[in-house]
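1. this one's sequence-less:
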């Protein structure tokens, strides 16, 4: 025969087990909810990083370090002075962390030329690598302009190009 004290003790044990079970249930529900809420955070961060890179590409072409300014007959947007880009390429150790990207490259689209620009073959080249980078590349179309001496006269020469910035994986 079970005494009153043992019945009360049994009821208390059942109550403790139920409280533990309910607590575990709510902990699992909470973890599941947190997993669902934070599952898109990484994708959102990647999208935000890509969007910032796209905005940076547009701003980069109009920055004083690259911009044509008023050199080519009025203020031009998305115009890069190739002479400035080559000068920047030779002094890149001062600017490597300035823009917060892993790499910057300017590549001519028309006329197409695959050669990499150096001080020896400039301006007869097709790709100015300001500094190399790995990762995802984001690009924008720009006019790549320079002054050219033809038959003792200075002419403006602009070509279609893409500026590509690389940011981390």
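-> In hand now; what should we look at? Keep in mind that what you see is a predicted model, and the values were worked out from it rather than measured.

2. rounded mean pLDDT for the lengthiest helix in the chain, please.
-> Taking DSSP state H as the criterion, the chain has its longest helix at helix 4-38. For helix 4-38, mean pLDDT is 91.

3. neighbouring contacts of the helix or strand following that helix?
-> Using DSSP states H and E, the helix or strand that follows helix 4-38 in sequence is helix 41-61. Residues outside helix 41-61 that contact it (Cβ atoms under 8 Å, 6 or more residues apart in numbering): 66-67, 77-80, 99-101, 104, 136, 138-140, 142, 163-165, 167-168. In short, each C-beta sits where N, CA and C put it, glycine included.

4. what's the angle from the lowest-mean-pLDDT helix or strand in the chain to helix 4-38?
-> Lowest by mean pLDDT, DSSP states H and E among the helices and strands of the chain is helix 41-61, with a mean of 81. Put simply, helix 41-61 runs at 20 degrees to helix 4-38, going by axes from the mean of the first three to the mean of the last three Cα atoms, to 10 degrees.

5. show the subsequent helix or strand relative to helix 41-61.
-> Next along the chain from helix 41-61, counting by DSSP H and E, comes strand 79-81.

6. any buried residues in that following strand, and which?
-> 79, 80, 81 (16 or more other Cβ atoms under 10 Å).
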